[in-house]
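>>> Predicted model follows, preceded by the sequence.
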Amino acid sequence: MKQIINTTPHPITFQSVTGEAYQVPPCGILINARPVEQPAGTHPSGAELVRTRFVPDSASAEALAQLEAENPGAIIVGSIIAAQAFPGRVFALVPVPGFERVPPAEKRMRDDKFTVF
């Protein structure tokens, strides 16, 4: 059985491949990152273009290392930003087909497929 650890501030409703829906509550640890802009050129209009990348903050890096040590083999899920800051360590969610564009309270996420950066 897979263990999913939720590092977001809200419960996540997952759906298994058999159609069973279940919730994973927040674990109490929020994994964060900070944005860093890199120049990416200038638009023909004169607007400045930037690339934003997300870098780990030290408190989140320490908390994630502890979660990983205490839960070997667990799937640690978080925000898209956290997944970008901790590639291959924090995974982002993939909606169940048909639940892509529904209000957050109605969302269902797959428990067999995750986004990695």
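Sure, I can see it.
>>> now whichever helix or strand Leu49 is part of: mean pLDDT?
Here Leu49 sits within strand 48-56, counting by DSSP states H and E. Average pLDDT, strand 48-56: 96.
>>> Check which helices and strands that strand is in contact with.
Packing partners of strand 48-56 (3 or more Cβ pairs under 8 Å, 6 or more residues apart in numbering; DSSP states H and E): strand 33-42, helix 80-85. Glycine gets a C-beta too; all of them are placed from N, C-alpha and C.
>>> can you redo these as TSV with mean neighbour count and mean pLDDT?
Putting the helices and strands packed on strand 48-56 into TSV (neighbours: other Cβ atoms under 10 Å; pLDDT from 0 to 100) gives the following:
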stretch	mean neighbour count	mean pLDDT
strand 33-42	12	96
helix 80-85	21	96
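>>> of all these, which lies closest to Ala92?
Taking Cβ to Cβ, helix 80-85 is the member of these nearest to Ala92, at 3.9 Å.
>>> residues making contact with the closest one?
Identification of contacts with helix 80-85 by Cβ atoms under 8 Å, 6 or more residues apart in numbering yields 7, 31-33, 35, 53-56, 60, 90-92, 115-117.
>>> rerun that using 10 Å as the cut-off
Outside helix 80-85, the residues that touch it by Cβ atoms under 10 Å, 6 or more residues apart in numbering are 7-8, 30-35, 52-57, 60-61, 64, 76-79, 89-93, 114-117.
>>> Filter the residues you listed down to the buried ones and express that as a ChimeraX selection.
This is how ChimeraX selects the buried members of the contacts of helix 80-85, with burial counted by 16 or more other Cβ atoms under 10 Å:
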select :7,8,31,32,33,54,56,60,61,64,76,77,78,79,89,90,91,92,93,114
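>>> circling back to that earlier point, the inter-axis angle of the helix or strand that the strand holding Leu49 is followed by versus strand 33-42?
Beyond strand 48-56 on the C-terminal side, the first helix or strand identified by DSSP H and E is helix 58-70. For helix 58-70 against strand 33-42, the angle between stretch directions is 120 degrees (axes from the mean of the first three to the mean of the last three Cα atoms, to 10 degrees).
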